[in-house]
Every structure is written in C-alpha cells, then in structure tokens.
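In: Here is the input, now give the coordinates:
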Amino acid sequence: MPWVKGQSGNPGGRPRIVQGIRRKAQNDSEDAYAVLKKLMSCENEKTALSAAISVLKIAGVPMSEDKAPDAPEPQATPARNMSPEQLEAIAAGGES
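Out: Got it, this is the predicted structure:
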C-alpha cells in the first residue's frame, strides 16, 4: 500500500506493551546504572571500557571512535628531547 503524503505511517501510535516496558526500564534504570558502575572497575579491560562507554552515552557525552571525550591530542616528543635509551627502543621497534 503506497504512503499518502502527510499521513502518519503509524496512526495508532506505539503499541501499549512498548510503553509498559519503557516504564519498567525507567524503574530499573537505577539498578542498571549500579551494575554498569561496578563493571567499570572490572579487571577485564574490554568489559570496563564497554561499561564506561555505556555510562557516557547515557550521560549524553558525544563519542568519537577516534578519541575519548576531552582527551588531549597525543603529543609527539621531538627526538632531540629523547634519551638515548628511548631512541634505541624506537629503533628496535618498541615505543618510547
């Protein structure tokens, strides 16, 4: 059936069950946040990061795949300011 311009595609609105689930989720949100907060301290870095990202999303912090919010841009240390040990480590394929 083709869409009629200016007419809602869902004239009946959201199903009532969705509204009921939303209310239940709002009631349980404090418990869910407590779980996320606990997971942020998890030793598994992936779990902790995932929980932290979820908390930031809930808080409305804009996320970028490139960097964490408010993270300073990485600064390269000029070679002239590095110690011989740091330069050797870089030359050997390690990091400074």
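In: Can you give me the distance of Pro11 to Gly20?
Out: Spatial separation of Pro11 from Gly20 under the definition CB to CB, to the nearest Å is 20 Å. (Each C-beta comes from the backbone N, C-alpha and C, glycine too.)
In: higher neighbour count, the two?
Out: Set Pro11 next to Gly20 and count neighbours by other CB atoms under 10 Å: Gly20 wins out with 10 against 6.
In: so who does that one touch?
Out: Gly20 makes contact with no residue, according to CB atoms under 8 Å, 6 or more residues apart in numbering.
In: State the distance from it to Gln26.
Out: Distance from Gly20 to Gln26, by CB to CB: 11 Å.
In: Provide a list of residue ranges in the protein with pLDDT below threshold.
Out: Applying pLDDT under 70 to the chain flags residues 1, 63-80, 94-96.
In: try 80 this time
Out: Across the chain, residues meeting the criterion (pLDDT under 80) sit at 1-3, 8-11, 13-20, 22, 60-96.
In: in it, which spans are helices?
Out: Under the criterion DSSP state H, the chain contains helices at 16-39, 45-59, 84-91.
In: could those go into CSV alongside distance to Pro2?
Out: Shown next, in CSV, are the helices of the chain (distance: least, CB to CB, whole Å):
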stretch, distance to Pro2
helix 16-39, 26
helix 45-59, 37
helix 84-91, 64
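In: so which of those helices is the most packed in?
Out: helix 45-59 (a mean of 13; mean count of other CB atoms under 10 Å).
In: For that one, name the packing helices and strands.
Out: Helices and strands touching helix 45-59, by 3 or more CB pairs under 8 Å, 6 or more residues apart in numbering; DSSP states H and E, are helix 16-39.
In: what angle separates the helix it packs on from helix 45-59?
Out: 130 degrees (axes from the mean of the first three to the mean of the last three CA atoms, to 10 degrees).
In: Give me the distance from helix 16-39 to the chain's centre.
Out: Centroid separation for helix 16-39 versus its chain: 18 Å, with CA atoms, centre = their mean, to the nearest Å.
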